[in-house]
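> Take this sequence and fold it.
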Amino acid sequence: MPATPAPRTTDSREGVESGPRAVRPVPNGRTVPEEAITPLIRGIAVLRELTEADGTLSLSGLERATGLARSTVDRITSTLARMGYVRLDGRDVILTPRVMELGNAYLAALRLPALLNAHADALADELDESVSLAVGDGDGIRFIHQATRRRAISLRFRIGDPLPAERTAPGPLFASDWTKEAWQGWRERRAADPEDRTFTAVPPREHPSPDKDFERRAARARKDGWALDDQLIEPGLVAVSVPVRAPGTGRIACVASVVSHTSRHTATHLRDTVLPRLRAAVAEMERELRLAPPAEPGPAPAGLATWTGASKQELGREFIESLARGLTVLTAFGEGRARLTLTEVARATGLARATARRALITYEHLGLVTATPTDRTFSLTPRVLALGFPPLSRTSLPRIATPHLTDLSARVGETAALAVLTDSGGSDDSGGSGSGEEIQYTARAATGRVMSVNIPIGTRLPARETALGRVLLGLDEVRTPGYALVDQEREEGLRAIAVPVRDRTGRVTAAANVALHAARRTLRECVEDILPELKAAATHIEADLHMASRFTRVPLS
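You can find the predicted model right below:
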C-alpha cells in the first residue's frame, strides 16, 4: 500500500465532529490517517452500537451512543436501510440479516467453519456437551462456531462476540503465541478496564486477578497443549480447550472447546473424561485442514459501484455514497479470496483504485483489515464479526419472516402467516422440515379489519386440509403451479393461497400464505393480485434465511 500522508490525531480528528459530539476514539488509540473516509468511520460506529444494543436502538439512542449529530445519524441509517442492512420501524433502527454478509465474508475467507463445523457438531453429539470453535482477536477471542445442547441450563455465546482472553479456556492457548507488544497491550487494557466493562458479552469481573495468574496459565498451556476454564466467566461454567494448528506453519488456526456446567462436570473431571476425545477430534480437524484442496474463488459482488451511484441519484443527500461504497469493499473478500491486492479489491467491487485504497486505509485503522507488506495484500480480521453478526447469529425463521409478512399484509390488506410441518409429538425446530402430517403456525401478521382470519401462532392444523400444508407436503397439485389454493374446504368462507419457502439447499422448509374471507376476492383475483405479492415476500424471506444460515443454525420455530 502506498505511503500515507502525515496522520491526524484521534482526539481532534476522529473522522467525525470534534468536541462534545465526537465519536469515542478507536480503542487502539492510533491516530487517524488523513486519507481515512470520515463517513465510513461514522457508519462503522453506528453498526457497532447497534450490535452492542442486541440489534435494536432508537435514533435518539444512536445519537447518544455514537456522539454524532442527529442529522448525521439519520443519513447513515437511511443509507444502511437502502443497503438492506437495517430497517426503520418508527423511531427504531433494527439490524437485518442482510448485514450478515459482512461477517459471512470473513468466515468464508477464513474457511475454518466450512471445513471444521461438521467435526465440532459430531463431537457435541457424541459427548452430549456444547462444543465451540474460537479464533484469537488481539487480546481477546471470538467464537466462529457453536454446537450447543438444548437444556434448561444453556451454555451458549453469540458468534462474533469478543471475550477477554484471560477469562476463557482458549485464551491462554492464543496468548502462548503473543509477542511482547501483544502482552503489553493486554496489560494496558486490563489497567484501563479492570472489570471488563468493554466486553459486554460477559458479566463484569467482580474480583480482578493479578496479571501473573494469566501469564502462568499461558505458560502452562504452551507446555501442556491444552487449557481449562474453571468458572472464570461466571459461576458454574467450565470448559477445556485444545488448539487446532494450521498445516505447514504450526500456528494456531483456531481453538476447539468443550463447554459444560458444574452440575455435570467439575473442571478436573471434564479434563479427565473429555480431553482425550477432544484431542482425537482436533487431530481429525487438523487432518481435514491438511487434505483440504485450495478454495475455489466464488463469484465476486457485481455492479455495486453502479448501484451506489444510482441510489445516490435517487435519494440525494440522504444517501451517503462513500459509506455504501466503503462497506462494499468488505464483500470483495470471501471463499478463495482471503487475501486480495488493491487491484483485486477494486476489480471485485467496480470501485476506482483510489476509492478502494481509502476504504482499506480506513479499515486497517479500525482493525477490520490487516495488510501484508511483503505481497501487498489485505485480509479481513475477526473484528468484522462485530458489525451486526452476534445478535443475528441467534435469529430464527419466524423473526426473519415477520417483517416481510407485515409488509405483505399491509400491501394486500389481508392476514399473512408462516407455518412449518411438524411431527405429531411436537414442533420441529431442529433445522429439518418435519415428518408429520400437521402444520404449526410460527409467525403471522394481521390486518385491522373487523372481520379477519385469526389463527394464533402455535396453532396446529391437519396439513392436507390447508394450503400451507399442501405446499409443505409437496403434493403433485402444488409442484407445477408452484402454489396451493384452498377454497372453503376447511371452513366456509375461508380462502387461502400459499407458496413454499426454501432453504439454502432448495429444500422446502416452511410455507407462507395469505388467508382471507371469500367475499373479498375471487379465486382469480387471489392468483392475479395476491400471488405475485406473496411470492415476492417469500423471496425476501428466503434471501434473509439464506444469508443468516450460511454459517449459523436458524431454528424453524
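> going forward, measure contacts between C-alpha atoms and count neighbours the same way
Fine.
> just checking, residue 514 is part of a helix?
No - Residue 514 is assigned strand when assessed by DSSP: H, G, I helix; E, B strand; the rest coil, not a helix.
> you'd agree it is up against residue 419?
No - at 11.6 Å, residue 514 and residue 419 do not qualify as touching, with contact defined as Cα atoms under 8 Å.
> gap between residue 230 and residue 55?
Here residue 230 is placed at a distance of 31 Å from residue 55 (Cα to Cα, to the nearest Å).
> elements contacting the lowest-mean-pLDDT helix or strand in the chain?
Comparing every helix and strand of the chain by mean pLDDT, DSSP states H and E singles out helix 476-479 as the least confident one, with a mean of 80. Secondary-structure packing of helix 476-479 (3 or more Cα pairs under 8 Å, 6 or more residues apart in numbering; DSSP states H and E): no helix or strand packs against it.
> If you count contacts, what does whatever helix or strand comes next after that helix end up packed against?
Next helix or strand after helix 476-479 toward the C-terminus (DSSP states H and E): strand 484-487. Applying 3+ Cα pairs under 8 Å, 6+ apart, one finds that strand 484-487 contacts helix 467-473, strand 494-502.
> mean confidence score for strand 484-487?
Averaging the model's pLDDT scores along strand 484-487 yields 95.
> Over to stretch 277-287?
When pLDDT is averaged along stretch 277-287, the result is 98.
> For that stretch, buried residues please.
With burial defined by 16 or more other Cα atoms under 10 Å, the residues of stretch 277-287 counted as buried are 278-279, 281-283, 285-286.
> what residue is smack in the middle of this protein?
By Cα atoms, centre = their mean, the chain has its centre lying nearest to residue 389, at 2.9 Å.
> Spit out the contact partners of it.
Neighbouring residues of residue 389 by Cα atoms under 8 Å, 6 or more residues apart in numbering: 51, 99-100, 103, 159-160.
> per-domain residue ranges of the chain.
Structural domains annotated on the chain: 19-104+298-392, 112-291, 397-548, as defined by automatic domain parsing.
> could you dump those to a markdown table with distance to residue 554?
Supplementary listing: these in a markdown table, determined by distance: least, Cα to Cα, whole Å:
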| stretch | distance to residue 554 |
| --- | --- |
| domain 19-104+298-392 | 10 |
| domain 112-291 | 12 |
| domain 397-548 | 6 |
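> Quick check: which of those domains is nearest to residue 556?
Across the domains of the chain, residue 556 has its closest neighbour in domain 397-548 (4.9 Å, Cα to Cα).
> measure that closest one end to end?
End-to-end distance for domain 397-548, by Cα to Cα: 9 Å.
> re earlier: and the helices and strands packed on strand 484-487, which is most packed in?
Most buried of the helices and strands packed on strand 484-487 by mean neighbour count (mean count of other Cα atoms under 10 Å) is helix 467-473; its value is a mean of 28.
> what residues does that helix touch?
With contacts defined as Cα under 8 Å, 6+ apart, helix 467-473 is touched by 419-421, 438-439, 462-464, 478, 483-486, 496-500, 508-513.
> Go again with 7 Å.
If you take Cα atoms under 7 Å, 6 or more residues apart in numbering as the criterion, helix 467-473 is touched by 419, 421, 439, 463-464, 478, 483-486, 496-500, 508, 510-513.
> can you give me the strands for the stretch 351-500 of the chain?
369-372, 377-380, 415-422, 438-445, 460-462, 484-487, 494-502 (DSSP state E, counting those that start in this stretch).
> Single out the most deeply packed of those strands.
Most buried of the strands of the stretch 351-500 of the chain, by mean neighbour count (mean count of other Cα under 10 Å): strand 415-422, with a mean of 28.
> model confidence over that one, on average?
Strand 415-422 comes out at a mean pLDDT of 96.
> Tell me how far it lies from the chain's centre.
For strand 415-422, the separation from the chain centroid amounts to 25 Å (computed by Cα atoms, centre = their mean, to the nearest Å).
> Relative to that strand, what are the paired strands and their orientations?
Strand 415-422 has the following strand partners under DSSP bridges: strand 438-445 (antiparallel), strand 508-517 (antiparallel).
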